[in-house]
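S.K.: following is a predicted model, sequence given first.
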Amino acid sequence: MNALTDQLFNASPHKLARDWSALKKLVGEAVDREDHPEAFRLLKALGYIGYRYNFLDKFVDTEADALILRLTEQIQPPVSAVQVHEDRVVFYDYFLLENRGFTQQYIDQIIKNDVELLFITLADERDLNEDNAIIRTLRGYRKASVYVVPYQLPKAEQVRLMTQEILRFAPSKWFNHNIPYDILPVCVAFALKNTGIRSYFLNISDHAFFLGRDAFDFFIDFRIYGHQLNALLRGIDRSRLLVIPTPPYLTPETYTTFEGFPVETTGKVIGFSGGMVYKIIDKDNTFLHLIKTVLDENPDFLFLFANVFGDSLLRDFIKKHGLENRFILIGNRRDINEVYKRIDIYINTYPFSGSLMMQYAIQHQKPVLSLSDAELVFVRMDKLFDKEWDNKFIITDREKFVRIAGKLINDKQYRDDYARELADGIDTTETFAQKFAALLNNEYRQQPVDLHSFEINTEAVANFHINMDNIFFKEYLYLKNAFFPGQNKLQKAIGTRLPLILLKITGKVKKQTYGPTILRYN
């Protein structure tokens, strides 16, 4: 792009602040005239922009939360206190995805504690089959029910249905596992505020903006970073903050079999990484060039990447540098635990850390090689695991990264010792089980947390996310076209098309029509 098109397409802190105010004003006008479909559409856009760019220095907007409260009050009449059942909980899951986030970890512990469960999801009814490990687990539990909120219904009706279903079930607690721009559970949390049903927000994207600070009763962070950001920046009272370290989900072996690798690996040292491709993109393609350097210097090294999207970008790089037989794309793997059993080294994504993938590596006693940006605390692995490691593991120098990669590849004893040192003292599986069981039994007590253990550079965080969009996603102009009046002519003139994720946000993807679905397994 030349300077003129950069100015048109690219986001900047000034543009985002201006557009945020304008968009919030449009939300207020929609709420004033009780145009609920438009209010929901614009609020989702507001949440997405906040999440994508993270440019609000406090990661919160109380005015936006107040607008959601007003919208909720128009839709759902106030609900007074209800008689709750202490042995019942609700789990709302936006994703219904295996081996992603925290859904399976929480469900497993709910089952182990013999608690009655209502599982609520927005997923397509066609996903409710035995091929999905989450559904398979729920169907095998005699105290589980599943409620599907219909996709095609207006958002206002979804709020009413979900609220009524939770009230009918009357749990003591409900847990929210969603994307930061999903407005439905925020409205439901506001609607249930005075019922005695306690709401818990699982802060799975703890580095990012989300709507609903004032809606939920409690916030569960999986590490100290999110706890500190919630307390010091979002201004949430510490009595509402819990820290429950959460492990990756290790799929039972009876559920998955190894799908194989596309190349022969005998006699090779296997490096592995993976995730959404945006996590390895910066202006210099630093991660890709580091992998190329390591491959060039170590002929017995083979690198596998479990990519989610980005095939053409990665294949172009691989072909350009003649790495077709050594830099191998294996796609999104449902057998992820089986993959980890067969690799030698996990290489963390850069500049955006893959926190869950790193946890899998630690669980499987694999060495983790991770390059970090000194300005971005949230991507450092010592902050992910809340563990003080020496500088051997915290690498900010690229030459050091390549040097340690060579030692890990060529010295098995060094590789084993490295992995053992990393895993020493990390037992999030047992900690999670104990703390969540205590919460379910109303016995949880949060231990004091040092809130000044590190500094969060909010300017660096904002610049990181804005640059990521300008380099890779390039969504800024699309967002303007989709959500601001009078932009359609501009969109037609420049011939732009909305990316899939924005089609979903703007509601332009047609979904098959289903009625309300509730499956009782008990």
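M.R.: Nice, I can see it.
S.K.: okay, now the unreliable bits of the stretch 301-450 of the chain?
M.R.: 390, 425 (pLDDT under 70).
S.K.: with adjacent residues omitted, what lies nearest to residue 136?
M.R.: residue 130 (5.4 Å; C-beta to C-beta, 6 or more residues apart in numbering). Backbone N, C-alpha and C define where each C-beta goes, glycine included.
S.K.: next, the buried residues of stretch 373-386.
M.R.: 373, 376, 377, 378, 379, 380, 381, 382, 383, 384, 385, 386 (16 or more other C-beta atoms under 10 Å).
S.K.: do stretch 135-153 as well
M.R.: Under 16+ other C-beta under 10 Å, the buried positions of stretch 135-153 are 135, 137-139, 141, 143-151, 153.
S.K.: kindly report the same for stretch 119-134.
M.R.: Here stretch 119-134 shows 119, 120, 121, 122, 123, 128, 132, 133, 134 as buried, counting by 16+ other C-beta under 10 Å.
S.K.: and if you look at stretch 383-398?
M.R.: 383, 384, 385, 386, 393, 394, 395.
S.K.: give me the subset of the residues you listed that lies in helices.
M.R.: The helices, defined by DSSP state H, take in 383, 384 from the buried residues of stretch 383-398.
S.K.: which one of the buried residues of stretch 383-398 is nearest residue 445?
M.R.: Comparing those against residue 445 with C-beta to C-beta places residue 386 closest, at 17.9 Å.
S.K.: now do the same contact list for the residue at minimal distance from the centre of the chain.
M.R.: The residue lying closest to the centre of the chain (C-alpha atoms, centre = their mean) is residue 205, at 4.8 Å. Contact partners of residue 205, counting by C-beta atoms under 8 Å, 6 or more residues apart in numbering, are 51, 179, 180.
S.K.: narrow those residues to those that are buried.
M.R.: Buried, going by 16+ other C-beta under 10 Å: 51, 179, 180, out of the contacts of residue 205.
S.K.: return the subset of these lying in helices.
M.R.: Counting by DSSP H, those contribute residue 51 to helices.
S.K.: pipe the buried ones among the contacts of residue 205 into TSV and attach distance to residue 458 and pLDDT per row.
M.R.: Below are the buried ones among the contacts of residue 205 laid out as TSV (distance: C-beta to C-beta, whole Å; pLDDT from 0 to 100):
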residue	distance to residue 458	pLDDT
51	15	95
179	22	92
180	17	93
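S.K.: which one of the buried ones among the contacts of residue 205 is nearest residue 97?
M.R.: Residue 97 has its nearest neighbour among the buried ones among the contacts of residue 205 in residue 179, at 11.3 Å by C-beta to C-beta.
S.K.: picking that back up, could you work out the most separated pair of the buried residues of stretch 383-398?
M.R.: 386 and 395 (18.7 Å).
S.K.: what bits of the stretch 1-150 of the chain have low per-residue confidence?
M.R.: Using pLDDT under 70, the stretch 1-150 of the chain drops low at 1-8, 124-127.
S.K.: which ones among the buried residues of stretch 119-134 lie within helices?
M.R.: 133, 134.
S.K.: and of the buried residues of stretch 119-134, the nearest to residue 304?
M.R.: residue 133 (22.7 Å).
S.K.: so that closest one sits right up against residue 98, yeah?
M.R.: Yes. Using C-beta atoms under 8 Å, residue 133 makes contact with residue 98 at a distance of 4.8 Å.
S.K.: longest single helix anywhere in this protein?
M.R.: Every helix in the chain considered (DSSP H), the longest is helix 13-32.
S.K.: dump stretch 277-297 to PDB, restricted to CA.
M.R.: Provided in PDB are the C-alpha atoms of stretch 277-297 (Å, rounded to 0.1, in the frame of the first residue of the first chain):
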ATOM      1  CA  VAL A 277      -1.700 -17.500  12.000                       C
ATOM      2  CA  TYR A 278      -2.000 -13.900  13.200                       C
ATOM      3  CA  LYS A 279       0.100 -14.900  16.200                       C
ATOM      4  CA  ILE A 280       3.200 -15.200  14.100                       C
ATOM      5  CA  ILE A 281       2.900 -12.200  11.900                       C
ATOM      6  CA  ASP A 282       4.700  -8.900  12.400                       C
ATOM      7  CA  LYS A 283       6.100  -6.500   9.900                       C
ATOM      8  CA  ASP A 284       9.400  -8.500   9.500                       C
ATOM      9  CA  ASN A 285       7.900 -12.000   9.700                       C
ATOM     10  CA  THR A 286      10.200 -12.500  12.700                       C
ATOM     11  CA  PHE A 287       8.900 -15.900  13.700                       C
ATOM     12  CA  LEU A 288       9.000 -17.400  10.200                       C
ATOM     13  CA  HIS A 289      12.600 -16.200   9.600                       C
ATOM     14  CA  LEU A 290      13.700 -17.500  13.000                       C
ATOM     15  CA  ILE A 291      12.300 -21.000  12.100                       C
ATOM     16  CA  LYS A 292      14.100 -20.800   8.700                       C
ATOM     17  CA  THR A 293      17.400 -19.900  10.500                       C
ATOM     18  CA  VAL A 294      17.000 -22.800  12.900                       C
ATOM     19  CA  LEU A 295      16.200 -25.200  10.000                       C
ATOM     20  CA  ASP A 296      19.200 -24.000   8.000                       C
ATOM     21  CA  GLU A 297      21.600 -24.500  10.900                       C
END
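S.K.: starting at the chain centroid, how far to it?
M.R.: 23 Å (C-alpha atoms, centre = their mean, to the nearest Å).
S.K.: what's in contact with that stretch?
M.R.: By C-beta under 8 Å, 6+ apart, the list of residues contacting stretch 277-297 reads 271, 273, 301, 303, 307-310, 313-314, 317, 321, 323, 326-327, 347, 349-354, 371, 398, 401-402, 405-406, 409, 467-468, 471-473.
S.K.: now those residues: which count as buried?
M.R.: Judged by 16+ other C-beta under 10 Å, buried ones among the contacts of stretch 277-297: 271, 273, 301, 303, 307, 310, 313-314, 317, 321, 323, 326-327, 347, 349-354, 371, 401-402, 405, 409, 467-468, 472-473.
S.K.: and residue 187, what is it in contact with?
M.R.: Here residue 187 is in contact with 68, 71, 72, 75, 76, 159, 215 (C-beta under 8 Å, 6+ apart).
S.K.: looking at those, which are in strands?
M.R.: Judged by DSSP state E, the contacts of residue 187 include no members of strands.
S.K.: with distance to residue 221 added, can I get these in TSV?
M.R.: Formatted as TSV, the contacts of residue 187 follow (distance: C-beta to C-beta, whole Å):
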residue	distance to residue 221
68	22
71	27
72	25
75	30
76	28
159	26
215	17
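S.K.: any chance of those in CSV, plus neighbour count and distance to residue 187?
M.R.: Below are the contacts of residue 187 laid out as CSV (neighbours: other C-beta atoms under 10 Å; distance: C-beta to C-beta, whole Å):
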residue, neighbour count, distance to residue 187
68, 25, 6
71, 25, 7
72, 23, 4
75, 22, 7
76, 19, 7
159, 26, 5
215, 22, 8
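S.K.: quick check: the farthest pair among those residues?
M.R.: So, these by C-beta to C-beta: farthest apart are 75 and 215, at 13.7 Å.
S.K.: three-state assignment of the residue nearest to the centre of the chain?
M.R.: coil (DSSP: H, G, I helix; E, B strand; the rest coil).
S.K.: how near is it to residue 482?
M.R.: To residue 482, residue 205 is 22 Å away according to C-beta to C-beta, to the nearest Å.
S.K.: follow-up on the earlier one: in strands only, show me the buried residues of stretch 135-153.
M.R.: 144, 145, 146, 147, 148.
S.K.: who is the third one paired with across the strands?
M.R.: Beta-bridge pairing of residue 146 under DSSP bridges involves residue 119, residue 519.
S.K.: heads up, I number from 48, so please use that
M.R.: Sure, I'll start counting at 48 from here, so that last one is residue 193.
S.K.: quick one: it and residue 185 touch, right?
M.R.: Yes. Under the criterion of C-beta under 8 Å, residue 193 makes contact with residue 185 at 5.8 Å.
S.K.: in stretch 79-98, which residues are buried?
M.R.: Those would be 83, 86-98, for stretch 79-98 by 16+ other C-beta under 10 Å.
S.K.: contacting residues for residue 505?
M.R.: Counted by C-beta under 8 Å, 6+ apart, residue 505 has contacts 104, 106, 280.
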